[in-house]
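Novice: Sequence unavailable; structure follows:
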């Protein structure tokens, strides 16, 4: 057939009959389930886009061709919508005008499907910047709301709701002369409309403007809230859902306006959380989560707890539909391969260098592995998860005051004969673990054995949730004598790692990793048994759980450290890991967790890793080189070469760090035979912060392991390190700071020319408010080390950093880094004693933080303390030391005789 490319675009446009038939044929074919046919259709549609009036045919089928079935007409509109998205700027004016007028004339089509399609088309045109170029759109839609015809009113409202969702920002700006001043009062009038669908549209439209605190809505806030209350008992679930959503958002934005009605709102939300319609219940349940984050929560909810807690607990049961979706009746599925979409993308956390603390880092470990994520095949947010999350947050608000409301329910649930009920009780117990830990302790000696028993329940979903709940109490388990709970728990968890159900395997592996982090070297006596199980799991696991198994092995290595370095353990563990390593291609993302795991293993095994290090080292260097090469091609010709996934390079750099740390001087020959330093020079200048972060960690580790190879590059590296002392990128800055400290120890007096490149930034960082603890500690150590090797250069600035220097190092453990830093500070004090005078009490406190310093360091402390005392005289010293807290006074007297 012949297409006329030069069609005159007049409003009297008429389709060519043959052309119309061809398009209808295509629309029919595209509904075929056969993917080959679909692909051909796609290509034909793309070709047709070259004809200016192709889109006229599409709108014609959608709005005029009433003889066709609705799915075909709607599909025509959706194809047009995609064309608008992709090519709108190329539409001839006549086509654009024709489409716009047809949309407005047909917004009231008698078919709900066609109305909705026209609405989607309108909002797509509007969000292509056409709200400005279509000035009559909003006035026209608003006037259509007053139509006597239901279809017209509903269609116009549907379109407006979509525009409010897609273009909320521009609607509330000066660009359009603030149409919301008219639209919002108009929407509020429709809250009382007789049709539930229209009431629902009206609330949904206004809801788009709550979070942004839109001025036009804030002016009418009281009338809005009043209207919402009037809809509280609406028979239409969609309306109730939108009312709940509005109240949840108002909690964050206009608490002041809700407070006077809070009692009634809470009562209402209690009812709605038990709504027959799960979508309404879920929206309502969000209310408790949001309220718990508000400071007033504790007072407001206290009197409602007796009602609220049972409602939340009840919401934590699996619904029948959940159980079907989770295949809750399938107990054994370990032999069924995973479908690839089940496997969620993993993100590699780049290496950050941190100090060890006396209280051993409980406060900073804000690990996100604790999420209530027990059923991620339906990882959609649902009522069960929302209720559990709300209970978790409330437990953190009320702490043990929550227990009187929970314990009676728990007694009933945990020993219930129906598995669904029992399962929800175990979830409740896990959800309150963090908030109510203190109050739960008296019950744990009875509960933990019961839970360990539940690990062998006949229902897989009970076994899997029990793994999670037990991991939430791991800290307490480890604090008891090992034979009482740790050993039985470990034994049972290891059996669950080999469970015949994949969900249980996954939950057990994650729980075991948590247990490893808590137990650390307590696990050493059981290593053979643990490794036996983990290695056996290798042969048993499908794809998804293998990735979690790597994590459990890596965590084990981190937890037991050098205790893993025994020939019999290495013999068990390394062959399966290396076998996987050889199977995976360089492009395979499964390398990430495996490389992370090997990095931990290499660090733990130290010299035990030597037989495996060469191929591993080589491959890491290759991965870095490949990624850099790909990135250069992509920079030069972005249209021809795609950007590489830089995670491969980051993970490889981190494994090289692990090798350098584990092998120490043994890595020297590998470095000598490779171009790793040239590659690092490029990585340190990469625009992606995580790449720089990992390359600075590696620089520090190679500096410690084989400085002879790093030294020739120092003149090139130091200026780059200096420019990366930018606390906007916390982790990059942290690792660069640490590397500078390691380099200075190796360089000694030769560090002198580089001090001006870094000192001012370091002093600025240590004095910055709100700097994270890890960065402060590393900065202090590096300043101390620079002062140790170049006291003349650093000591003049002593007064500018001595106070924050002392306060940031008083809490870290005695170690090499702390030792060199304190030697530096003592050397600087002897060069510039007046720099410390004003803050001498801070220095005394920092000295007292040492448990047992080496003899010569203790002598340095003694000399400075006695020197100061002699200088000010006994009387002044007594007055000065009377300000000391008693433990500090006693300690200095006992250790240093002052």
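Specialist: Okay, I see it. Quick caveat: nothing in here was measured; it's all calculated off a predicted structure. Residues are numbered from 1 along each chain as shown.
Novice: immediately after the host helix or strand of residue 554, which helix or strand?
Specialist: Assessed by DSSP states H and E, residue 554 sits inside helix 543-560. The helix or strand immediately downstream of helix 543-560 is helix 567-583, counting by DSSP H and E.
Novice: and that next one, what does it pack onto?
Specialist: helix 527-540, helix 543-560, helix 591-605, helix 610-636 (3 or more Cβ pairs under 8 Å, 6 or more residues apart in numbering; DSSP states H and E). The C-beta positions use only the backbone N, C-alpha and C, and glycine is treated the same way.
Novice: Which residues does it contact?
Specialist: Contact partners of helix 567-583, identified using Cβ atoms under 8 Å, 6 or more residues apart in numbering, comprise 527-528, 531-532, 534-535, 538-539, 546, 553, 564, 594, 597-598, 601, 605, 608, 612, 616, 619.
Novice: So which residues of the stretch 251-400 of the chain form helices?
Specialist: Under the criterion DSSP state H, counting those that start in this stretch, the stretch 251-400 of the chain contains helices at 255-258, 262-273, 278-292, 297-302, 305-315, 320-325, 383-398.
Novice: Low-confidence stretches in the stretch 201-350 of the chain?
Specialist: By pLDDT under 70, the low-scoring segments of the stretch 201-350 of the chain are 328-329, 340-349.
Novice: how about the strand or helix carrying residue 206: buried residues?
Specialist: Residue 206 is part of helix 196-207 when elements are defined by DSSP H and E. Of the residues in helix 196-207, 197-207 count as buried by neighbour count, 16 or more other Cβ atoms under 10 Å.
Novice: re the thing from before, what mean pLDDT does the helix holding residue 554 get?
Specialist: Here helix 543-560 scores 93 as its mean pLDDT.
Novice: Same question for stretch 170-184.
Specialist: In this model, stretch 170-184 carries a mean pLDDT of 77.
Novice: So what touches it?
Specialist: 131-132, 138, 142, 160, 163-164, 205-206, 209, 212, 214-217, 220.
Novice: Quickly check those residues for the two that are furthest apart.
Specialist: 132 and 220 (25.6 Å; Cβ to Cβ).
Novice: These two: who's more crowded?
Specialist: Neighbours were counted for residue 132 and for residue 220 using other Cβ atoms under 10 Å; residue 220 has more, 17 against 10.
Novice: my guess is that one meets residue 188, correct?
Specialist: Yes: applying Cβ atoms under 8 Å, one finds residue 220 in contact with residue 188, separated by 6.3 Å.
Novice: quick one, helices of the stretch 101-250 of the chain?
Specialist: Using DSSP H, counting those that start in this stretch, helices in the stretch 101-250 of the chain cover 112-125, 131-133, 137-144, 150-166, 168-171, 180-189, 196-207, 215-219, 221-230, 237-253.
Novice: So, low pLDDT: which residues of this structure?
Specialist: The model of the chain has pLDDT under 70 over residues 1-13, 61, 129-131, 175, 328-329, 340-349, 356-379.
Novice: Domain map for it?
Specialist: Domain assignment for the chain by the TED database gives 12-129, 272-328+380-441, 447-564, 758-897.
Novice: Relative to residue 639, which of those is closest?
Specialist: For residue 639, the closest of the domains of the chain is domain 12-129, at 17.8 Å, according to Cβ to Cβ.
Novice: In contact with the residue lying closest to residue 642 once chain neighbours are set aside: list those residues for me.
Specialist: The shortest distance from residue 642 to any non-neighbouring residue, by Cβ to Cβ, 6 or more residues apart in numbering, is to residue 634 (6.4 Å). Counting by Cβ under 8 Å, 6+ apart, residue 634 touches 641-644.
Novice: Pull out the buried residues from those residues.
Specialist: For these, buried by 16+ other Cβ under 10 Å: residue 644.
Novice: Could you export the contacts of residue 634 as a markdown table, including secondary structure and distance to residue 270?
Specialist: Compiled in a markdown table, the contacts of residue 634 are given as follows (DSSP: H, G, I helix; E, B strand; the rest coil; distance: Cβ to Cβ, whole Å):
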| residue | secondary structure | distance to residue 270 |
| --- | --- | --- |
| 641 | coil | 58 |
| 642 | coil | 53 |
| 643 | coil | 51 |
| 644 | coil | 53 |
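Novice: which residues does residue 549 contact?
Specialist: Contact analysis of residue 549 by Cβ under 8 Å, 6+ apart lists 509, 534, 537-538, 541.
Novice: Check the residues you listed against residue 249 and report the nearest one.
Specialist: Nearest to residue 249 among these is residue 509, at 38.5 Å by Cβ to Cβ.
Novice: What number of residues are in the vicinity of the closest one?
Specialist: Number of residues near residue 509 (other Cβ under 10 Å) recorded here: 26.
Novice: Same question for residue 276.
Specialist: Count around residue 276 with other Cβ under 10 Å applied: 7.
Novice: One more: residue 413?
Specialist: For residue 413, the neighbour count with other Cβ under 10 Å is 22.
Novice: Which of the helices or strands spans it?
Specialist: helix 403-414.
Novice: just residue 741 next, same as before
Specialist: helix 730-747.
Novice: Does anything pack onto that helix? Which helices or strands?
Specialist: Secondary structure elements in contact with helix 730-747, counted by 3+ Cβ pairs under 8 Å, 6+ apart, are helix 689-705, helix 707-710, helix 714-723, helix 755-766, helix 773-789, helix 816-831.
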